[in-house]
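Undergrad: okay, structure incoming, though there's no sequence with it:
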């Protein structure tokens, strides 16, 4: 079976700074890959490239066999790009990026509505997903009425609610205290087992990598420096 | 505590900077006089500069015009009554001077230069003296109206012939308010009310100013309009298709509208103020205003008049009791505005 | 340390509020007290049927203008903030330029174009448009074309403050259009509503444009009380219905929009430039369209009208001093207003929810006070023997006029900015050992830079064009450019009026364009 996510020779520059350099990476269906590396090694940029928030300067990216991004001189800017919302991804941002004016339920509803689900289906899915991350009692609250851990769970629920084909997590627990981080890490590991969802998890914490990864990819200076199964 | 001190220090510095920016009206060894002028600056400024040259007294002028939507000067004079700043008020029409007199803003001064100016245009109490006059005229578009068809009297504007094709400025303001007050005083309420009702029925265009009336006529948006000599003359000199009629030569008499100059009560520089008034009422000043684009008609006999206009002794001016007209100006102009649906 | 923190903050804010009260509130209080002394003056508040109709007309004009200006301005602000347009800063200056043209002059241009003998009628051969030119909708369109830049600039600033990740999180789930509707717009609604409110107040305060386009509005009642009756009490009291109208609208806006949660911008970097790049062509087309209608057409019409002016050279030559005076006073005035408004805005931004909402309404109401009432009030307060009187008769009065008229607007803008600075930043600084003053200058004020520049610019433009108050308090022997121009256009042929108007806008457009390009050229933006 071909890998579900395929990154081929991708480079991304910001002016003279090369964030990602000629990088290739495959992720198989159901596989959990952890990108490990120090700050500024390009791991967040790689995630944003996969999500479609940035366009590669060279190389191409495929999802489920379909080319979603390809750098090319002959193609007009943006023409070969599948926009982020058509890539079927879930993305958990480092600073969560919750929507301050929406309740937890409305967060999920926004995503499922965009995915074209019917009203009944949406309600059912929201209940189910909130239960999955164990905040079903907090459906009517807005982000500022949630604790740090609850906000984290909501961000996770939002990324999962439309049943994405690939989950991207950008240092999601870096701002939490140790106990909470361990608990949430357990949750993610449990969800990975239940949902069999391929994921790319960015972190600079080796413990995270140990706990979650089927495979650890180490990055430095925009390149892959080491790779190994756990 | 250090920090509070620093904050208050900065605040003090700011106050001092503001004070410095404002400057202080320090005692100036130079002699000065302050005049509030509502005659258009283009016309009045050269006359005042000439006075500076001749007398060596510095003239601080505050300009305004009846046409601005600011109504600055008269309101400013009233507001400053407790501590007047101006010495002389030069108005381009009588209404505001008369209002200011009734408010006690003005002081009496009989200038010797007023000799030769018709008695009717000098206040018996000495609070104002008229000079260089304008005329309320009917302007018509020469491409759309033959000279012999043009209206001869302001009352012709209510003629169905001009339905939808006549304009005048808002009767509450400026020289139009003077004209309306004069007409009510001369003709009587019943006839004037009827006139304004018929104007309304005739779809008269009421616009914001006399220069707009002139522009409408020049552009042919209306054929005829009631406005002032200086407004029309500027367009005539510009080569625009417009000419003017002095209305009511027969009957009522031509509505002549003098400039008026007055001394301000409790003026800070009364002597300099009187000297400036003497100059403004002199034949020399009248000649300058006659030669300017303002085409002001001199009131002193013997001063040559402007070239596009007849001289003051070639027609009969409307005889007008200014005090009587002034007494009701506010009431009748509001009444006219009401009848016109404003 | 906490003592130092509190003890500097309280007197500083008290001083700011006191300065605001003296500068802004005192002239109005003086006028109301004078009217109160007259007693019977308040009887005119029982408006007759005609006045009620005028008030209704004014409300319709204000509300329609606020809506239309927002419909034009907010999308343009979005385009400037999110769509990757080329020459963005050029677009911004060109689209903001109509704000610099006096509304009256824009109206004049449209009359030259759409009057019954205007260019359109001449081209078509008969009058097809003048019924629309001279109408309430006509006045709404003209005023919207002047005021939309306020909405545009406010929207752009508000959008730039949104944390980019918040939109990106939505973009991974939904299409850009849906993200815009559901996530982005609700977050900028308070800012957009505030600018609509300012447009409303500016529109209901207008007298020149409605009068030229023959739309009867309530402002003419106040003008009549001043210009035909010289009755200050009546004028002041008649300003109350207008002020009340603004009060009601401000209150409604506060209730509807509320004190929405604001999103703090944390991370650096800008949002993904890819999301709205498909909209570039549409945005450029819309921006070009608006620029042509709001700027090019009026300027071309005015320039055509102004061509062949002979005596203009003399006018411009004689205006040199007035131009310098005006630029200097407007710049100094904008600086003073912004300097005071920062502290007033800070006090409002850190106020409790309810007190803050009340302060917003109060600021709008003060901004709605007609310029002539402010001017006469300033004379009453300052023209007296003693130290106060030494300011009277100097340029300081013009600065006081700008402060009285424009502090509320600047304070509103800065208060919005303050609320984007998390209180935690100050607490962190305090805990770190910084005094309040240090915290303000090192932590809070630097984050307000963009808002302060925006407020400064708006006040500069408003001050440069200020006429109603200036003409009452300008020192003898000196005049600002608007006073000079308005006192010259009375009898001037329309060609000269057009030329003078172009001169006035040019004089302010050039330095502002340079300033904008300077800001745009700075690294880091």
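TA: Now that the structure is in, tell me what you want to look at. Small disclaimer: the values here were computed from a predicted structure and weren't measured.
Undergrad: quick one: the residue of chain A found nearest chain B and residue A:101, what's the gap?
TA: Distance from chain B to each residue of chain A (CB to the nearest CB) is smallest for residue A:144, at 32.5 Å. C-beta here means a position set from N, CA and C on the backbone, and glycine is covered the same way. Per CB to CB, to the nearest Å, residue A:144 is found 10 Å from residue A:101.
Undergrad: who's more crowded, these two?
TA: Set residue A:144 next to residue A:101 and count neighbours by other CB atoms under 10 Å in any protein chain shown: residue A:101 wins out with 16 against 9.
Undergrad: so that one: helix, strand or coil?
TA: coil (DSSP: H, G, I helix; E, B strand; the rest coil).
Undergrad: quick check: closest non-adjacent residue to it.
TA: Among residues not flanking residue A:101 along the chain, residue C:186 sits closest, at 5.0 Å (CB to CB, 6 or more residues apart in numbering or on different chains).
Undergrad: which of the three states applies to that neighbour?
TA: helix.
Undergrad: same check, this time on residue B:243
TA: Applying three-state DSSP: residue B:243 is strand.
Undergrad: the residue nearest the centre of chain C: what's it in contact with?
TA: In chain C, the residue lying closest to the centroid (CA atoms, centre = their mean) is residue C:458, at 5.8 Å. Shown in contact with residue C:458 (CB atoms under 8 Å, 6 or more residues apart in numbering or on different chains): C:150, C:153, C:409, C:410, C:413.
Undergrad: between those, which sits nearest chain B?
TA: Distances from chain B to these, taken by CB to the nearest CB, are shortest for residue C:410, at 16.1 Å.
Undergrad: give me every residue in the stretch 51-200 of chain C lying close to chain B.
TA: Contact residues, the stretch 51-200 of chain C versus chain B (CB under 8 Å from any CB of the partner chain): C:115, C:116, C:117, C:118, C:130.
Undergrad: ok, of these, which come out buried?
TA: Among those, those buried by neighbour count (16 or more other CB atoms under 10 Å in any protein chain shown) are C:115, C:116, C:117, C:118, C:130.
Undergrad: among those residues, which are located in helices?
TA: residue C:130 (DSSP state H).
Undergrad: could I get the buried ones among the residues of the stretch 51-200 of chain C next to chain B as TSV with pLDDT and distance to residue B:251?
TA: Output for those, formatted as TSV (pLDDT from 0 to 100; distance: CB to CB, whole Å):
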residue	pLDDT	distance to residue B:251
C:115	79	34
C:116	75	33
C:117	74	32
C:118	79	37
C:130	81	35
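Undergrad: looking at strand pairing, list the partners for residue B:136.
TA: residue B:228 (DSSP bridges).
Undergrad: how many residues are close by it?
TA: Residue B:136, neighbours per other CB under 10 Å, totals 27.
Undergrad: and it, what is it in contact with?
TA: Residue B:136 sits in contact with B:154, B:175, B:178, B:179, B:226, B:227, B:228, B:247, B:255, B:257, where contact means CB under 8 Å, 6+ apart.
Undergrad: what comes up buried for the helix or strand hosting the second one?
TA: In other words, residue B:175. Per DSSP states H and E: residue B:175 is located in helix B:174-187. For helix B:174-187, burial by neighbour count (16+ other CB under 10 Å) applies to B:174-186.
Undergrad: please apply the same query to stretch C:432-452.
TA: Neighbour-count burial for stretch C:432-452 [16+ other CB under 10 Å]: C:434-440, C:443-444, C:447-448, C:451-452.
Undergrad: stretch C:157-171 now?
TA: Those would be C:157-171, for stretch C:157-171 by 16+ other CB under 10 Å.
Undergrad: ok, stretch A:18-34 next?
TA: So for stretch A:18-34, counting by 16+ other CB under 10 Å, buried means A:18, A:19, A:20, A:21, A:23, A:25, A:27, A:31, A:32, A:33, A:34.
Undergrad: could you do stretch B:186-194 as well?
TA: B:186, B:192, B:193.
Undergrad: do the same with stretch B:321-337
TA: B:322, B:325, B:326, B:329, B:330, B:332, B:333, B:334, B:335, B:336, B:337.
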